[in-house]
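Student: sequence and predicted structure are below.
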Amino acid sequence: MSLVKRPSRILIASMLLGVIFFGQVMVFSQEKFRRNPPYPEPLRPLRFPLVETAVLENGLKLITITRLNTRLITLQIIVQAGEIDSPPGLSGLATVTAEMLLKGTQLMRSSDIEEALDTLGIEVNIEVNADYTIFTFSFLDDHLDQALNLIKSFFSEPAFRATELTYVKRDLYYRLLSRKKDLEKVGFNFFLKKLLYPEVANSGLIKGEEIKN
């Protein structure tokens, strides 16, 4: 004969009622919290880096932003000219010109420039838009003087050799062919042309046929 007594039905019912009551209290407290959320903490003040501007003797506008917690230097050169400035029949001239600046100087071949960029750890990006062009160079502060001298030569001593011109045009032509496979990109360019330049002969969009020629 077992000596362990089974819990009575009244005890079990009491325990169930306790659990239900506790759950209702928790739900009520959560609903009250949602109706009366706590006040947010005060926002921290935004401290933007100092922006300094100057105009050089040659008329070039210089804008500098200093950040002391990084050794990376980013230099951007903005030219207020883009594909919309390419003459009729020479679509893509602005893009080709921008890319040719880094394909050779009076003293350096394209291979020499690639080696110098790799040695100094300089990352380069060229962005040619309809009405402006941006050259971006990123490098460590250890190579500041060497990097500036190299970048200066791109714009003051360009060579524009015929062999490099052929390579740049061919590369741009095949990039354009690849873009035509992207229907979304094609549709966006068509919309952009009709929206911004409906009556302009040169809308700033490059034509592959003119590049090939």
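Tutor: Happy to help now that I have it.

Student: just the buried positions in stretch 84-93, please.
Tutor: Using 16 or more other C-beta atoms under 10 Å as the test for burial, stretch 84-93 gives 84, 85, 86, 91, 92, 93. From N, CA and C alone the C-beta is placed, and that goes for glycine too.

Student: can you redo those residues as JSON lines with distance to residue 138, pLDDT and secondary structure?
Tutor: Converted to JSON lines, those look like this (distance: C-beta to C-beta, whole Å; pLDDT from 0 to 100; DSSP: H, G, I helix; E, B strand; the rest coil):
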{"residue": "84", "distance to residue 138": "28", "pLDDT": "87", "secondary structure": "helix"}
{"residue": "85", "distance to residue 138": "27", "pLDDT": "88", "secondary structure": "helix"}
{"residue": "86", "distance to residue 138": "28", "pLDDT": "86", "secondary structure": "coil"}
{"residue": "91", "distance to residue 138": "30", "pLDDT": "81", "secondary structure": "coil"}
{"residue": "92", "distance to residue 138": "26", "pLDDT": "86", "secondary structure": "coil"}
{"residue": "93", "distance to residue 138": "27", "pLDDT": "90", "secondary structure": "helix"}
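
Student: okay if I get these as TSV plus distance to residue 137?
Tutor: Shown next, in TSV, are those (distance: C-beta to C-beta, whole Å):
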residue	distance to residue 137
84	25
85	23
86	24
91	27
92	23
93	23
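
Student: can I get stretch 57-71 in CSV, CA atoms only?
Tutor: Taking C-alpha atoms only, stretch 57-71 is exported to CSV below (Å, rounded to 0.1, in the frame of the first residue of the first chain):
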residue,chain,number,x,y,z
GLU,A,57,47.4,81.5,-55.9
ASN,A,58,46.4,79.6,-59.1
GLY,A,59,42.7,79.9,-58.1
LEU,A,60,42.3,76.3,-56.9
LYS,A,61,39.9,76.1,-54.0
LEU,A,62,41.2,73.9,-51.2
ILE,A,63,39.0,72.3,-48.5
THR,A,64,40.5,70.3,-45.6
ILE,A,65,38.9,68.3,-42.9
THR,A,66,41.2,67.0,-40.1
ARG,A,67,40.5,63.9,-38.1
LEU,A,68,43.2,63.0,-35.5
ASN,A,69,42.1,59.4,-34.9
THR,A,70,43.2,58.0,-38.2
ARG,A,71,46.3,57.8,-40.3
